[in-house]
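> Turn this into a model:
(2 chains)
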Amino acid sequence: MSGKHRKVAYYPGCALEETGHAYNRSTKELGKALGLELVELENWNCCGAMEVKNLDPKLQTYLSARNLAIAGKMGFDTVMAPCNGCYHNLKKAEYDLGHDAGSREVVERLSQKAGHETYEAGGVSTIHALDWIKEAIGEDGLKNRVENSLKGLKIANYYGCMYTRPRHIFPEKDKGPGSESTSKPHFMDDLLAAAGADCVEFPLRTACCGGAHTLSDSDISTKLVLNLLTTAEACGAEVIATECPTCHTGLEMHQVRAEKVFGRKTRVKILYFTQLLGMALGLSARRVGVQENLSDASDLLRQKGLG
Amino acid sequence: MMTGLPGVAPEAAIMERIDAIAATRDDALAVAAAVRADELLALGEAILERWLQAHGATPTRQTLEGFRLLALHRQAAKGDPGFNACRETCRELVYHRNLIRLDAAHPETPRRLRLAAMVARHLALFIDGRLQAAALGEFCCSSRPLREHDATLHE
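Numbers count the residues shown, from 1 in each chain, chains lettered A, B, ... in the order given. Now for the predicted structure:
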């Protein structure tokens, strides 16, 4: 534990205000329980998500850069984004503004037109919620605070495809011991194991969840998710831990759809890692928003003495 | 089912074979496990060949780190960063194949083979989805938008 990031700017992003509300709630509750301070960005905007990026990548860079500029104006050098999509886009904006004159020119022009400060490359760093807990508290710090061990809970940790890709926008990863790996990420495994969980080896930890196909071809998304769910079960998992609202919602929705459309029922439960860590620290299931999940884990959590 | 791609195994045949391996009982999977592990790797190569041929490329015969599957992935990902979303899936398939080949008599071999089949299935589904959605443009990370050349919204 380095003690870094005890007070950071918080960029929840659009998904955490809607479908990913339980992630927002559990992230905030986890922070409180750990004595960490999150200060939400004032008047933040969409990171540009996938839609704007598809229309105009530089406009997406501007939208993300505006959020970084707000963090800088509020006096922060670090902004924490729990959503993989937001995290990816803010990191990409950092990279593009440091390496592409065209992006800098567009961001400067649009920032002036909108009447706010232009984000200068290198001014603010984006971290994920996993980095936040790992660096501010660490495994030892977590172990010391666990009141309700996750012992006996078999978890497959699912990182999704945007947490580590493309590699070049994450210069802090792949730096050897202590750093995150882009080929085999482990921060979620480390943290949940510190809380007592039995993390299973899950070969599809960074595989595509089909989120991009949800509207264009739902059957493909359902088949991809069904394969993730059945593989997690084949690995012995009772729970899939997530760290992205898009992946999480996709897993939950398509678990239901797989049963309805393909008659394939799976039993594995889907919970945010922040919910699991919160419960390990003694917070109730309700406090970390488990009742907001589509995947009903109440029986399993009761059986394990959690929540 | 025909793919319309000369010399490429039909998608349905690939998926049927993967599903058959995944559904095989443990005692049967333990027999000729190394052969099945190689077969899954070859099915992975066939999946990437479909993608490359559908895009007018000649699938490479070269290897990367000793495996053609990884070379095919690198070939397919060139200029298409979103394709890296299946990079680790390919590497997991190689890893499981190696694990099985290292000690085919290991009691975990049937489970490892089944997991390898599930990893191969994910690769097949991912590529199938991308082939179907190609006309819609990219939605994944490092997207390559349909309208990148005429995008003028920031001007």
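
> where along the chain do the helices fall?
Reading this off chain A. Using DSSP state H, the helices assigned to chain A run over residues A:21-33, A:51-55, A:57-73, A:84-99, A:101-114, A:129-136, A:138-145, A:187-194, A:218-234, A:245-262, A:273-280, A:298-303.

> if you could check chain B rather than the one you did, that'd help
Listed from the start of the chain, chain B has helices (DSSP H) covering B:11-23, B:26-29, B:33-54, B:68-77, B:87-102, B:109-133.

> Reformat those as a markdown table; add mean neighbour count, mean pLDDT and distance to chain A.
Any C-beta I mention is one placed from the backbone N, CA and C, and that applies to glycine too. Converted to a markdown table, the helices of chain B look like this (neighbours: other C-beta atoms under 10 Å in any protein chain shown; pLDDT from 0 to 100; distance: least, C-beta to the nearest C-beta, whole Å):
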| stretch | mean neighbour count | mean pLDDT | distance to chain A |
| --- | --- | --- | --- |
| helix B:11-23 | 17 | 93 | 9 |
| helix B:26-29 | 13 | 92 | 12 |
| helix B:33-54 | 21 | 95 | 12 |
| helix B:68-77 | 21 | 97 | 10 |
| helix B:87-102 | 21 | 96 | 4 |
| helix B:109-133 | 23 | 92 | 4 |
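
> which stretch in the helices of chain A has the least confidence?
Ranked by mean pLDDT, these end with helix A:51-55 in last place, scoring a mean of 76.

> Can you list the helices and strands that that helix packs against?
Judged by 3 or more C-beta pairs under 8 Å, 6 or more residues apart in numbering or on different chains; DSSP states H and E, helix A:51-55 is in contact with helix A:57-73.

> bridging residues for the closest residue to residue A:248 other than its chain neighbours?
Nearest-residue entry for residue A:248: residue A:242, 4.1 Å, with adjacent residues in sequence omitted and distances by C-beta to C-beta, 6 or more residues apart in numbering or on different chains. When assigned by DSSP bridges, residue A:242 has beta-bridge partners residue A:158, residue A:272.

> Relative to chain B, how far out is the residue in chain A sticking out farthest from the centre?
Farthest-out residue of chain A from its mean C-alpha position, per C-alpha atoms, centre = their mean: residue A:113, at 32.2 Å. Taking C-beta to the nearest C-beta, to the nearest Å as the measure, residue A:113 falls 10 Å from chain B.

> same deal with residue A:43?
Here the criterion is C-beta to the nearest C-beta. By it, residue A:43 lies 21 Å from chain B.

> contacting residues around that residue?
Applying C-beta atoms under 8 Å, 6 or more residues apart in numbering or on different chains to residue A:43 gives the contacts residue A:70.

> Please name the spatially closest residue to residue A:136 (chain neighbours excluded).
Spatially, and ignoring its direct neighbours in sequence, residue A:136 is nearest to residue A:5 (4.3 Å; C-beta to C-beta, 6+ apart).

> residues in contact with the one you found?
Applying C-beta under 8 Å, 6+ apart, the residues near residue A:5 are A:36, A:78, A:80, A:127, A:131, A:132, A:135, A:136.

> What of residue B:30?
Applying C-beta under 8 Å, 6+ apart, one finds that residue B:30 lies in contact with B:109, B:110.

> okay if I get the helices of chain B as CSV plus distance to residue A:142?
As requested, the helices of chain B are arranged in CSV below (distance: least, C-beta to C-beta, whole Å):
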stretch, distance to residue A:142
helix B:11-23, 37
helix B:26-29, 38
helix B:33-54, 38
helix B:68-77, 36
helix B:87-102, 27
helix B:109-133, 29
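
> just to revisit the earlier point, next, the residue nearest to residue A:136: phi, psi?
When quoted as degrees, to the nearest 10, the phi and psi of residue A:5 stand at phi 60, psi 30.

> State the distance from it to chain B.
From residue A:5 over to chain B (counting by C-beta to the nearest C-beta), the distance is 24 Å.

> likewise residue A:17?
Between residue A:17 and chain B the distance, using C-beta to the nearest C-beta, works out to 21 Å.

> residue contacts, the nearest residue to residue A:139 once chain neighbours are set aside?
Computed as C-beta to C-beta, 6+ apart, the closest residue to residue A:139 that is not its neighbour in sequence is residue A:194, at 3.8 Å. For residue A:194, the set of contacting residues under the criterion of C-beta under 8 Å, 6+ apart consists of A:139, A:140, A:142, A:143, A:146.

> thinking residue B:89 is in contact with residue A:204, fair?
Yes: between residue B:89 and residue A:204 a contact is recorded at 7.0 Å, counting by C-beta atoms under 8 Å.

> Quick check: neighbours shared by those two?
By C-beta under 8 Å, 6+ apart, the residues touching both residue B:89 and residue A:204 are B:119, B:122.

> circling back: I'd like the helices of chain A laid out as JSON lines, including distance to residue B:121.
Formatted as JSON lines, the entries for these read as follows, by distance: least, C-beta to C-beta, whole Å:
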{"stretch": "helix A:21-33", "distance to residue B:121": "29"}
{"stretch": "helix A:51-55", "distance to residue B:121": "28"}
{"stretch": "helix A:57-73", "distance to residue B:121": "32"}
{"stretch": "helix A:84-99", "distance to residue B:121": "23"}
{"stretch": "helix A:101-114", "distance to residue B:121": "39"}
{"stretch": "helix A:129-136", "distance to residue B:121": "28"}
{"stretch": "helix A:138-145", "distance to residue B:121": "34"}
{"stretch": "helix A:187-194", "distance to residue B:121": "24"}
{"stretch": "helix A:218-234", "distance to residue B:121": "5"}
{"stretch": "helix A:245-262", "distance to residue B:121": "14"}
{"stretch": "helix A:273-280", "distance to residue B:121": "26"}
{"stretch": "helix A:298-303", "distance to residue B:121": "26"}
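
> Just give me the closest of the contacts of residue A:5 to residue A:160.
Distance to residue A:160 across the contacts of residue A:5 (C-beta to C-beta) is lowest for residue A:131, with 15.3 Å.

> who touches that closest one in this structure?
Neighbouring residues of residue A:131 by C-beta under 8 Å, 6+ apart: A:5, A:80, A:180, A:187.

> Let's see the distance spanning stretch B:92-110 from one end to the other.
16 Å (C-alpha to C-alpha, to the nearest Å).
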